[in-house]
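K.L.:
okay, structure incoming, though there's no sequence with it:
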C-alpha cells in the first residue's frame, strides 16, 4: 500500500504523521507531538457543498472514532505546504478549531504506469438489450505484479447500418494485446475494483480483431467521483460474432484468487448503474 508522510507544525512544535492512501485508511504518528490529540486512528472522506461548489476533504478519527482533524485530501506534492484544522466539538456540532501547517515530505508519485488486457469476453443479446462478461488482467510492468478481474455489464446493442441483427445474438472475443494506461500513483494492481463502462463504437467481428472500443473503469474508487482510468482505444482480441456496436455499464471485481489475504477489506468502488442485477 502507498503511504504519505506529513510533517505537522503548530506553535513551533513539529511531528511526523504517516497516512495510508487508497484502500489503506489508517494513519499513525511516526514522531508524536504533544499538541496533536491522538497517535493513531483512521480517516474518512467527507463531502461538503456551498452555494457555489461541491468539494471533499479528509477527516481524521482517533481509535474511538472521534473526529480530530480536517485535512486536504490527496494527491499531495513535495513542497506543497498547506493548513489543516483540529476539530472542535461544540455540543453536537463539529467545527474547525486551531489550524496547523502541513508539509508533505514523502508522497506517492502523481501517476503510475500499468497495463491491461482482455483474457476472454462473452456477450449475449436479445433485441437491442445485451449483457457482457469479460475476464481482465492488470499488470504493473515495474514489478511484474498482476491481478485478475471480472467485468460484468448490461446495456444496449446498437444496429449497424445495412446489417440486420437476429433477435437472439452474442459473441466471443479471444485474448487481446496489452493496453498501456496510467493511474494515480497510490494505486496497486489490486485497487481497480469499481464502476466500469465499455463502449464498442464498432466491431467487425467474423473472427477479426478489427474494432474501436472505449473503456472507462475504476469508477467511484475510494469514494472519488468519476472514472480514474480512461482508455480511448482499447485493443481486444479476435471477435467471433456478427458486426456490431453497443455500450454496457457495470462493474469490475477482483477474482477470488486475486483477493488480498487476511480480513476482507471494505469495498471502495461502485457497482454500476445496474447494481442490483450485477451482484
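P.N.:
Thanks, I have the structure now. This one's a predicted model, so the numbers in the text were calculated from it and none came from an experiment.
K.L.:
for residue 158, list each beta-bridge partner.
P.N.:
Note on residue 158: beta-bridge partners residue 245, judged by DSSP bridges.
K.L.:
so for it, what's the pLDDT?
P.N.:
Per-residue confidence (pLDDT) for residue 158: 72.
K.L.:
next up, the contacts around it.
P.N.:
Residue 158 is in contact with 128, 244, 245, 246, 247, counting by CB atoms under 8 Å, 6 or more residues apart in numbering. For every residue, glycine as well, the C-beta is placed using N, CA and C.
K.L.:
out of these, who's nearest residue 82?
P.N.:
Using CB to CB, residue 247 comes nearest to residue 82 of the contacts of residue 158, at 40.3 Å.
K.L.:
host element of that closest one?
P.N.:
For residue 247, the host element (DSSP states H and E) is strand 244-254.
K.L.:
just checking, what packs against that strand?
P.N.:
strand 129-140, strand 145-158, strand 194-203, helix 275-278 (3 or more CB pairs under 8 Å, 6 or more residues apart in numbering; DSSP states H and E).
K.L.:
go through the second one and flag the buried ones.
P.N.:
Meaning strand 145-158. 146, 147, 148, 149, 150, 151, 152, 153, 154, 155, 157 (16 or more other CB atoms under 10 Å).
K.L.:
please convert those residues to a markdown table, extending it with distance to residue 225.
P.N.:
Output for the buried residues of strand 145-158, formatted as a markdown table (distance: CB to CB, whole Å):
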| residue | distance to residue 225 |
| --- | --- |
| 146 | 28 |
| 147 | 24 |
| 148 | 26 |
| 149 | 21 |
| 150 | 24 |
| 151 | 20 |
| 152 | 22 |
| 153 | 19 |
| 154 | 22 |
| 155 | 21 |
| 157 | 28 |
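K.L.:
go through these and say which is closest to residue 28.
P.N.:
Once CB to CB is applied, the member of those that ends up nearest residue 28 is residue 147, at 27.0 Å.
K.L.:
strand partners of the helix or strand containing residue 6, parallel vs antiparallel please.
P.N.:
Element membership of residue 6 [criterion: DSSP H and E] is strand 3-10. According to DSSP bridges, strand 3-10 forms sheet pairs with strand 13-20 (antiparallel), strand 93-106 (antiparallel).
K.L.:
relative to residue 255, which of those strands is closest?
P.N.:
Closest approach to residue 255 among the strands paired with strand 3-10 (CB to CB): strand 13-20, 24.2 Å.
K.L.:
which residues touch the closest one?
P.N.:
1-8, 26-36, 43, 105.
K.L.:
sheet-wise, list the partners of the longest strand anywhere in the chain with their directions.
P.N.:
Taking DSSP state E as the criterion, the chain has its longest strand at strand 111-126. Strands adjacent to strand 111-126 in the sheet, as given by DSSP bridges, are strand 129-140 (antiparallel), strand 168-173 (antiparallel), strand 179-184 (antiparallel).
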